[in-house]
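**Student:** What follows is a predicted structure for the sequence shown.
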Amino acid sequence: MGLLQRSRVLVRGETRRVSVSAFLLVAPFLVLVLLFSYLPLIGWVTALYDYKPALGLGRSEFVGLQWFEMLVSSRTQLEQIGQVMANTFAMSFLGIATSLLPVVFAIFLNEVRANWFRNMVQTLTTLPNFISWVLVYMIAFSLFSTSGLVNTTLHDWGLITIPVKFLDSDQHVWLTMLAWSLWKGLGWGAILYLAAIAGIDPTLYESARIDGANRFQLMRHITFPELMPTYIVLLLLSIANLLNNGLEQYYVFQNAFNKEHIQVLDLYVYNVGITGNSISLGTALSMLKSVISVALLVTANAIAKRARGTSII
Amino acid sequence: MKTRKTIALLMAPLLGTMSLAACTASGPEETNTSIDQDWSQADPITIDVFSATANYMGIQGGWFGKIVKDKFNMELNIIAPNVAGGGDTLYNTRVAGGDLGDLVIVGKGKQLDELVEGGLVLDASPYYESMTNAAQYDPAVQRLNEGKDGVYGFPSEVSSLNPTEPADPIDPTFGAYLRWDYYGEAGYPEIGTLEDLLPVLKTMQDAHPTGENGKPTYGISLFKDWDGNMMTMGKQPGAHVYGYEEVGFVLAKADGSDYQSALDSDGAYVRGLRFFFEANQMGLVDPESTTQNWDTMFTKYQGGQVLLSWWPWLGQSAYNTDQNTAEGKGFMLVPMADQKISASGGSPYGGGLGLTYSIGSSAEDPARIAAFVDWLYSPEGAATTFAGPEGLTWEIVDGEPVLTEFGRQAHLGGGAEVPAEWGGGDYADGGSALNAANLAFNEVNPNTGLPYNYKAWPSYQATAANPLTEDWSARMGGATTTMDYLKENDQIIVAPGAGFTIPADDAEIEAIRNQVKATIVEHSWKMVFAKDEAEFESLLASLQETAEGLGFEKVLEVDMANAKAQDEARVEVAKEFG
């Protein structure tokens, strides 16, 4: 009894010590979160000023909610924002809708018997992930511009007389952008799944083989279901990043012809704030992103609560 | 020709973004403020030069770099937002950091005002006392610094010419220039109005499907680098050929007789877009227009792949080399019966691009920078900027300036290698990377009694005649220069050089303007490449509706008032000096 009590006291003391040191361990990350996620929010104050860099915030004129009023006061402004949101969600959802492709790719790649071939394919498909979007655009340009390889070849073969405008057209912008990001990200996305496949218990395959399953049945009934947990986690993460579809890709590909359908929220903010030199208005617009993110989070939370009885917050 | 080109090059991107207001600040007390000393013996320094007009980034090298080094023991580290790209991003980043540069060359209106207010440029009045060359143009200096508590900027392209006389007596800035040799082959068809150019171009393009370099020829080639309030190329045919100038979203006739909104369906700008649209329907527009930049397009002109140029400093600079003109080939002004081209008059208060030369408040040696700026206003500095160093590209023979053999090769023969003792390298690459001029191109050099512009020297004109100009002159009623022809036929409007500064927009107007700008440029390109008439019209309607919805009318009102104020200033300056 005495022994038990003593150990309980010991445990309590230890718990406190452990929790202090655990806090110390986590503290640097809390500081980082504070620095990079909360501190920048102070920048929102720019939206309340007519910010001029030469004068600094202190001497720029305070305009209150003028920029917000401007954004909601005109139908055209709202329509533009609407179009931008449509682009943002469309491209994000297309990305999510195709998120199963790396899984399929990994499964098939895993079935390739010739090691050298499998490695080669994996290397070649992973490589584009390390090419910056600027270089991707250069590749796209030299292939698909009006005097690029594709047009020249088609012309030489006598298939066309007027060059086809692949880049400066408004046709299927969302799909072509999807194709480029798939080309860039497919191999990279598959790496995680290949690792997961390597971790699947071999006995599962053995017993299935004993039961007479062929290769496709193994893929369908063992590999695929075993990958699902990984896939679901990644899917949830990508939904959390719904609005963050980045801007580099769209920035390099944008031009007067495809602008209407390529401008995602991040790019729109950049175009208004930096290119258009209206930094305060751009800030006001960028706050929209946080508002929508919070709305999405609350919705997701409500769904999770109803479906699983637990809540994130 | 190269110098002329580089200076004129910058006209377009800078048009219509300048303004002026009142501010306060005071410069630091300096002990030695005289610029009169032998700077060549001073400690070597490198200064950062932020130049809104520069097309080169890095240390100034070549012959101009050597002259500055020899005279001031100073190297110029050029910072060029044009090279960096991204519009005002570089400017904004640097001013937010509190140091734009040691020597700052930016727009004299809004930018200078905020730099003064933000304390980024210093009051140069202590140095100004000994800047004897700049003091020659004191009225212009005073006008630029009006309402400011000191001397914060020095004006660009100041001229002593009468404001009602064209600042450039030889070439206007705008105009339609055709490949004269092909035009001749086509039988010199009559061109009554703008749209008559299209069939002529069609004939010329069909007759010469490839250029000298074997690549396809196009009547028209476009580029987008300088798009601002509007699509820059879109302004050329309808507006600039008919004497309209851009004041924000207003196109104002240079003589003050007409003010149009850029979006009027039957206005000058839309006419220009329609012209390109029709040209594209006829297969006359280079399909690479949508993606190429200035350099690519310029190379096409050099290779004889483009048949029409809207600027003398594009087609003629690129293609009218000594070799081509000797064979009768080259770009010359078209006799379009109803053209009415505008030209800037002499600008006693500074003009052209409307720039200011200001000294950064954190400059290490402001007196030396002031000495350098002063030198740029001196006959030696101006002659060097415009014609090259005396003794290398030109010399005085019998009391008159004459281009040397080297000078002819460098300016007209397509470039030359500079001897090592002059700094070495290619001549054009070694020119002043500031790409801005303190004096007007045609200002008279007091040492020679002739303009700095070598094209105006009798010695040049005596040798300028060639088969191309002779043929042109014969067809144009014996005119010797473009300006000569335009004056003779009453096809020129001289806009008196008032040095008018467009006032800064308030915050809301500026934000609306930037959004509308983007919409106009985006729609304009789509309209030019629309697949049919119906699409063109629907894009125009959509442009008008979107611009309207963003608040176009509010901005237009401001621009209209500015355009009228500019006209008043012109009338006034014409009265004052005329």
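**Tutor:** Looks like it arrived, so ask away. Since we're looking at a predicted model, the values are computed, not measured.
**Student:** Quick check: next helix or strand after the helix or strand bottoming out on mean pLDDT in chain A?
**Tutor:** Least confident helix or strand of chain A, by mean pLDDT, DSSP states H and E, is helix A:2-33 with a mean of 75. Next helix or strand after helix A:2-33 toward the C-terminus (DSSP states H and E): strand A:49-50.
**Student:** and after that next one, which helix or strand comes next?
**Tutor:** Counting by DSSP H and E, what follows strand A:49-50 is helix A:56-59.
**Student:** which stretches of chain A have low pLDDT?
**Tutor:** A:1-14, A:308, A:310-313 (pLDDT under 70).
**Student:** What segments of it are strands?
**Tutor:** Assigned by DSSP state E, the strands in chain A fall at A:49-50, A:61-62.
**Student:** what's the neighbour count on the closest residue to chain A within chain B?
**Tutor:** Nearest to chain A in chain B, going by CB to the nearest CB, is B:G549, at a distance of 2.5 Å. Where you see a C-beta, it was placed from the backbone N, CA and C, and this is true even at glycine. Using other CB atoms under 10 Å in any protein chain shown, B:G549 has 17 other residues around it.
**Student:** Check B:P166 too.
**Tutor:** Neighbour number of B:P166 under other CB under 10 Å is 25.
**Student:** what's the answer for A:G64, then?
**Tutor:** For A:G64, using other CB under 10 Å, the count is 10.
**Student:** what's the answer for A:R59, then?
**Tutor:** Residues near A:R59, counting by other CB under 10 Å: 13.
**Student:** residues in contact with it?
**Tutor:** For A:R59, the contacting residues are A:K52, B:E117, B:G118, by CB atoms under 8 Å, 6 or more residues apart in numbering or on different chains.
**Student:** which one is the first one nearest to, not counting chain neighbours?
**Tutor:** When you say that, I think you mean A:K52. Nearest non-adjacent residue to A:K52, counting by CB to CB, 6 or more residues apart in numbering or on different chains: A:S60, 5.1 Å away.
**Student:** Next, that neighbour: phi, psi?
**Tutor:** phi -70, psi 160 (degrees, to the nearest 10).
**Student:** pretty sure it is touching A:L48, no?
**Tutor:** No - look at A:S60 against A:L48 with CB atoms under 8 Å: they stay out of range, at 9.9 Å.
**Student:** Surely B:E75 is within a helix?
**Tutor:** No - B:E75 is assigned strand when assessed by DSSP: H, G, I helix; E, B strand; the rest coil, not a helix.
**Student:** Just give me the neighbour total for the residue nearest to it when sequence neighbours are not counted.
**Tutor:** In this structure, B:E75 finds its nearest non-sequential neighbour in B:T46, 4.3 Å apart by CB to CB, 6+ apart. For B:T46, the count of nearby residues is 13 (other CB under 10 Å).
**Student:** Looking at the strands of chain A, spot the one closest to chain B.
**Tutor:** Closest of those to chain B is strand A:49-50, at 3.7 Å (criterion: CB to the nearest CB).
**Student:** neighbouring strands for the closest one, and are they parallel or not?
**Tutor:** Each strand that pairs with strand A:49-50, with its direction, by DSSP bridges: strand A:61-62 (antiparallel).
**Student:** mind listing the helices for the stretch 401-550 of chain B?
**Tutor:** Taking DSSP state H, counting those that start in this stretch as the test, the helices found in the stretch 401-550 of chain B are B:405-411, B:458-464, B:467-475, B:482-488, B:507-528, B:533-550.
**Student:** picking that back up, now do the contacts for the residue nearest to A:K52.
**Tutor:** Contacts of A:S60 by CB under 8 Å, 6+ apart are A:Y49, A:D50, A:Y51, A:K52.
**Student:** how close does it get to B:G478?
**Tutor:** 60 Å (CB to CB, to the nearest Å).
**Student:** need the residues of the stretch 201-313 of chain A near chain B, please.
**Tutor:** A:255-257, A:259-260, A:271-272, A:274-281 (CB under 8 Å from any CB of the partner chain).
**Student:** quick one: which of those is most hemmed in?
**Tutor:** Going by other CB under 10 Å, A:L281 tops these with 29 neighbours.
**Student:** tell me the most buried of the strands of chain A?
**Tutor:** strand A:49-50 (a mean of 22; mean count of other CB atoms under 10 Å in any protein chain shown).
**Student:** Would you point out the helix or strand in chain B whose mean pLDDT is lowest?
**Tutor:** helix B:11-14 (a mean of 38).
**Student:** After that one, which helix or strand is next?
**Tutor:** With DSSP H and E, the next secondary element past helix B:11-14 is strand B:45-51.
**Student:** quick one on the thing from earlier: the residue of chain B closest to chain A against A:Q77, yeah?
**Tutor:** Yes - at 7.3 Å, B:G549 counts as touching A:Q77 under the criterion of CB under 8 Å.
**Student:** for the residue nearest the centre of chain A, what are its contacts?
**Tutor:** Central residue of chain A (CA atoms, centre = their mean): A:N245, 4.7 Å from the mean position. The contact partners of A:N245, by CB under 8 Å, 6+ apart, come to A:T88, A:M91, A:S92, A:G95, A:V264, A:D266.
**Student:** Please convert those residues to CSV, extending it with neighbour count and distance to A:K165.
**Tutor:** Formatted as CSV, the contacts of A:N245 follow (neighbours: other CB atoms under 10 Å in any protein chain shown; distance: CB to CB, whole Å):
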residue, neighbour count, distance to A:K165
A:T88, 23, 25
A:M91, 23, 21
A:S92, 19, 27
A:G95, 18, 25
A:V264, 28, 22
A:D266, 20, 26
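**Student:** Most widely separated two among those?
**Tutor:** A:G95 and A:D266 (14.1 Å; CB to CB).
**Student:** Skipping adjacent residues, who's closest to the residue in the stretch 51-200 of chain A that chain B sits nearest to in space?
**Tutor:** Distances between the stretch 51-200 of chain A and chain B by CB to the nearest CB are smallest at A:T76, namely 2.5 Å. Spatial nearest neighbour of A:T76, chain neighbours left out: B:G549 (2.5 Å); criterion: CB to CB, 6+ apart.
**Student:** and if you look at B:E417?
**Tutor:** Closest residue in space to B:E417, ignoring its immediate chain neighbours: B:D426 at 6.5 Å, by CB to CB, 6+ apart.
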